[in-house]
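Undergrad: got a predicted structure plus its sequence, pasted below:
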Amino acid sequence: ESQLIIKERQQTTFQVEELINLLDGGKEKTALRRSIEQTILSDPLMKTDKIGYLTREQKYVQSVRRMMYFFTDLAKRNKWNIEDPHCPEMLFLSRSLSSVVAFMIHMGAFVPSISSFGTLEQVSKWQPLAKECLIIGCYAQTELGHGTNLRRLETTSTFDRNTQEFIVNTPNLSSMKWWPGDMGKSANHAMVMAQLITNGENHGMQAFIVPIRDMTTHKPLPGVEVGNIGSIMSLEDTDNGYLRLNNVRIPKENMLAKYANVDRSGRFQQTGNNRLMYASMMNLRIVLTREQMIHALQKACTIAARYSCVRKQGSLTPNGPEIPIMDYVTQQNKVIPRIALAYALDFTIMEVRHRYVQFLADVTRGDLSNMAEMHAISSGIKANASERTVAGVETLRRACGGHGYSMASGLPYLLLSVTGSCTYEGENTVLYLQVARYLIKTAANISMGKSVDGSSAYLAENTEARCSATSQEEFYDHSLLDACFKHRSKQLLQSVAMDLQGLLAEGKQQMEAWNLLSIQLVNSAKAHIERYIVATSASFVRKLNCSLKVKKLLNQLCSLVALHQITNFPGDFLKDGYLDSHQLDLARKAEVKLLQSLRHNVVGLVDAFDFRDEILGSCIGAYDGNAYERLYDYAKNDVMNKNDVHEESYQYLRPHLHRG
Ligand SMILES: CCCCCCCC/C=C\CCCCCCCC(=O)SCCNC(=O)CCNC(=O)[C@H](O)C(C)(C)COP(=O)(O)OP(=O)(O)OC[C@H]1O[C@@H](n2cnc3c(N)ncnc32)[C@H](O)[C@@H]1OP(=O)(O)O
Ligand SMILES: Cc1cc2nc3c(=O)[nH]c(=O)nc-3n(C[C@H](O)[C@H](O)[C@H](O)COP(=O)(O)OP(=O)(O)OC[C@H]3O[C@@H](n4cnc5c(N)ncnc54)[C@H](O)[C@@H]3O)c2cc1C
């Protein structure tokens, strides 16, 4: 173990294990997680090859092999509950699996959407098959021509009264399904989102289970053309595919009929709220935020923080001893605010998940009153967490200098694999505009004197016109910081709502006015969500039952998240004079002081994320801090070094060198 990292751990002022338990949700949960990790990581059949060495095909083959074994054997033997993405086992499982793997769409989207869209009868028919991996499914919504605008999906499912079947078609090039994970090579069933047509009338998007491959030969069924879409930026462990359907007939009961049905004569009946077709996307937005984005940020923090403590470069006195780069305030400013953000997002998503579970219970009772708010929160948190994670991981990667560019650091892999999260499961700008739609409606309700509650209640509160802070210390105060965020959000919303009214009064059409103001609308949505994160994480910590030391530390992290945002994006806080430039200076000084006070606990804070070395996959971020030994080892094991003289040297270099 590196002496430097030992020294760091000696400086830690709190019990790391206490924080680990807190993040897991209790001591017993930590034990459960560790035992799951131990089982998975010690199983030779679950082993992954080193990141950076495999071709696309090898990645796919490896992940299919691992995951088939995992779902059909390992998880079963251990009685892990793998189908509920919110149960503790599943939360711990996806973390132990470390890299993105095959069948995540099967388990994470296909299986849950059967119960989201299916009747009880349909659920009891399809879900056991899917859970047991007796069928492999994918979620086929996006098309070559449309991903965002679901109303314009072009795949059709036309009811044939004579045979009591649906005929599913992708009638033109742009209508073919494009992107679905697990579809290119693996899936034999697809959850196809298509326009339902009965008796010549279009009833909008519905979900259909379409068999696409033969259950024995695995060959595409008649009328089906299916394949891979080709190499993609990352996440190549999954076979993202395309699918063309030419008059594919499926039985009537393959239309999932929880919210709408077609009777034998082809008459369409809406039996539930059709928004619930969209609402199922909330689930994956929340699951991915934690399981993919926050974990990626936490891993990158772990790597960068440990490495920054063992990497020495330069000194603080002329000819003096070299210091760990973590002692530079600029380095602290790269690393520590990201650690703080990783904590704040984790606390926030725990609360969001809790609210989502309540929302589901409400829906079961037929109460949809919280749907709009839940949609705004889940969309907003997905967009904001992915945007800040991707930016954060890149900052952390650069904070590791040259070694951050090597695959050996694990950071390029994290960056590439998380960057897609800004696009899938709802493109971020589009999701922010959904939040804005909710905010503009809320603003209209407030102006009509209606009461608002929940996460937007503050929009109806009176706030001070100026921040009251006169000292640095006040900028650690959560309620003062929250007031800054509330004010910014309120002010941005009021301003864009007024501009919208103005444009409408000038005679502009609603959608045109909306488009003209969409930059402001997105900013307003971001401000609302960032305030939600600041407030939710602080109140989460306030309610925690933990030692004073840990509480103090977590309070500091929450303050830092807010302060860092203010000092880095001060414009909207200064705009209407809520903060003045003197207060901004105070906030900056407060931030530097906070960074320095958190400095000693940097390693402890990332140790508390408790990622085992095998899960981190980093030569520079391993627990023992022995970065150089591992880098050297990684290089020596590179495939290009399997012999001293590479074959190509004989072929291309030698003839040339020997000319003279
Ligand atoms: C086992 C788990 C393990 C986890 C493993 C973790 C590791 C794995 C790691 C890595 C794996 C990688 C995984 C990748 C996965 C990717 C999967 C996909 O990408 S699947 C495709 C997603 N596609 C979209 O998200 C389309 C986006 N489009 C939309 O959501 C909509 O169509 C929208 C909203 C943009 C436009 O629809 P409009 O034109 O109908 O919009 P308007 O008129 O604005 O909305 C109508 C009403 O519906 C409400 N609404 C819209 N969306 C809603 C929602 N989701 N919920 C509730 N209400 C909603 C709205 O608020 C509005 O309500 P009012 O009229 O204002 O009252
Ligand atoms: C790795 C990966 C895995 C995926 N897995 C699946 C899957 O399993 N199943 C599935 O069905 N799909 C999947 N997708 C598809 C994904 O859901 C879509 O790509 C995503 O929803 C974005 O839609 P789009 O590609 O149509 O982007 P577009 O909507 O074309 O976005 C392009 C640009 O247009 C802008 N834009 C579009 N509409 C508006 C608007 N109304 N207002 C303002 N700006 C707008 C966007 O902001 C963006 O800048 C996957 C995608 C990726 C990358």
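TA: Yep, that arrived. Ligands and ions are numbered 1, 2, ... in the order given.

Undergrad: Gly454 touches Glu373, doesn't it?
TA: Yes - the criterion here is Cβ atoms under 8 Å, and Gly454 meets it with Glu373 at 5.2 Å. Using the backbone N, CA and C atoms, a C-beta is placed for each residue, glycine as well.

Undergrad: who has more neighbours out of those two?
TA: Per other Cβ atoms under 10 Å, whichever of Gly454 and Glu373 has more neighbours is Glu373, with 18 against 14.

Undergrad: residues contacting that one?
TA: Glu373 makes contact with Tyr438, Gly454, Ser455, Ser456 under the criterion Cβ atoms under 8 Å, 6 or more residues apart in numbering.

Undergrad: elements contacting the helix or strand harbouring the first one?
TA: When elements are defined using DSSP states H and E, Tyr438 is found to belong to helix 428-447. Packed against helix 428-447, as judged by 3 or more Cβ pairs under 8 Å, 6 or more residues apart in numbering; DSSP states H and E, are the following elements: helix 371-398, helix 478-505, helix 518-543.

Undergrad: most packed of those helices?
TA: helix 371-398 (a mean of 23; mean count of other Cβ atoms under 10 Å).

Undergrad: pLDDT averaged over that helix - what is it?
TA: Rounded to a whole number, the mean pLDDT of helix 371-398 is 98.

Undergrad: isn't there a helix covering Trp80?
TA: No - applying DSSP: H, G, I helix; E, B strand; the rest coil, one finds Trp80 to be coil, outside a helix.

Undergrad: skipping adjacent residues, who's closest to it in space?
TA: In space, and not counting its chain neighbours, Trp80 is closest to Glu89: 4.8 Å by Cβ to Cβ, 6 or more residues apart in numbering.

Undergrad: contacts only, for the one you found.
TA: When contacts are counted by Cβ under 8 Å, 6+ apart, Glu89 touches Leu32, Ile36, Trp80, Asn81, Ile82.

Undergrad: go again using 10 Å as the cut-off
TA: The neighbourhood of Glu89, defined by Cβ atoms under 10 Å, 6 or more residues apart in numbering, consists of Lys29, Leu32, Arg33, Ile36, Ala75, Asn78, Lys79, Trp80, Asn81, Ile82.

Undergrad: what's the most distant pair in those?
TA: For the contacts of Glu89, with distances taken as Cβ to Cβ, the pair at the greatest spread is Lys29 and Ala75 (18.0 Å).

Undergrad: these two: which is more packed in?
TA: In terms of neighbours (other Cβ under 10 Å), Ala75 is the more surrounded of Lys29 and Ala75; the figures are 22 against 17.

Undergrad: would you list the phi and psi of that one?
TA: Summarising the backbone geometry of Ala75 under the convention degrees, to the nearest 10, its torsions are phi -70, psi -40.

Undergrad: so who does it touch?
TA: Remark: with contacts taken as Cβ under 10 Å, 6+ apart, Ala75 is in contact with Ile36, Thr39, Ile40, Met67, Tyr69, Asn81, Ile82, Glu83, Glu89, Met90, Leu93, Met107.

Undergrad: any chance of JSON lines for those, columns secondary structure?
TA: As requested, the contacts of Ala75 are exported to JSON lines (three-state DSSP):
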{"residue": "Ile36", "secondary structure": "helix"}
{"residue": "Thr39", "secondary structure": "helix"}
{"residue": "Ile40", "secondary structure": "helix"}
{"residue": "Met67", "secondary structure": "helix"}
{"residue": "Tyr69", "secondary structure": "helix"}
{"residue": "Asn81", "secondary structure": "coil"}
{"residue": "Ile82", "secondary structure": "coil"}
{"residue": "Glu83", "secondary structure": "coil"}
{"residue": "Glu89", "secondary structure": "helix"}
{"residue": "Met90", "secondary structure": "helix"}
{"residue": "Leu93", "secondary structure": "helix"}
{"residue": "Met107", "secondary structure": "helix"}
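
Undergrad: ok, which of the residues you listed also contact ligand 1?
TA: Counting by Cβ under 6 Å from any ligand atom, the subset of these that neighbours ligand 1 consists of Met90, Met107.

Undergrad: of the contacts of Ala75, buried ones?
TA: If you count burial by 16 or more other Cβ atoms under 10 Å, the buried members of these come out as Ile36, Thr39, Ile40, Met67, Ile82, Glu83, Glu89, Met90, Leu93, Met107.

Undergrad: check contacts around the fourth one.
TA: Just to be clear, that refers to Met67. With contact taken as Cβ under 10 Å, 6+ apart, Met67 is in contact with 46, 74-75, 97, 101-104, 106-107, 133, 182, 186, 237.

Undergrad: so who does Asp607 touch?
TA: The neighbourhood of Asp607, defined by Cβ under 10 Å, 6+ apart, consists of 5, 8-9, 12, 16-17, 19-20, 302, 305-306, 601, 623.

Undergrad: and whatever residue of the chain ends up closest to ligand 2, how far from Phe103?
TA: Sorted by distance to ligand 2 under Cβ to the nearest ligand atom, the residues of the chain start with Gly147, at 2.4 Å. Per Cβ to Cβ, to the nearest Å, Gly147 is found 22 Å from Phe103.

Undergrad: more neighbours: which of these two?
TA: Relative neighbour count places Phe103 above the other of Gly147 and Phe103, with 25 against 17, counting by other Cβ under 10 Å.

Undergrad: pretty sure the more buried one contacts Tyr139?
TA: No - using Cβ atoms under 10 Å, Phe103 is not in contact with Tyr139, being 12.0 Å away.

Undergrad: show me where the stretch 51-200 of the chain has helices.
TA: Under the criterion DSSP state H, counting those that start in this stretch, the stretch 51-200 of the chain contains helices at 56-69, 75-77, 88-96, 104-105, 111-117, 120-131.

Undergrad: could you dump the last one to PDB, C-alpha only?
TA: It stands for helix 120-131. Backbone C-alpha positions of helix 120-131 (Å, rounded to 0.1, in the frame of the first residue of the first chain) are rendered in PDB as follows:
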ATOM      1  CA  LEU A 120     -53.200  -9.200 -15.200                       C
ATOM      2  CA  GLU A 121     -53.800 -12.100 -17.600                       C
ATOM      3  CA  GLN A 122     -51.100 -10.800 -19.900                       C
ATOM      4  CA  VAL A 123     -48.700 -10.200 -17.100                       C
ATOM      5  CA  SER A 124     -49.200 -13.800 -15.800                       C
ATOM      6  CA  LYS A 125     -48.600 -15.200 -19.300                       C
ATOM      7  CA  TRP A 126     -45.500 -13.200 -20.400                       C
ATOM      8  CA  GLN A 127     -43.700 -12.100 -17.200                       C
ATOM      9  CA  PRO A 128     -42.700 -15.600 -16.000                       C
ATOM     10  CA  LEU A 129     -41.300 -16.400 -19.400                       C
ATOM     11  CA  ALA A 130     -39.300 -13.200 -19.600                       C
ATOM     12  CA  LYS A 131     -38.100 -13.400 -16.000                       C
END
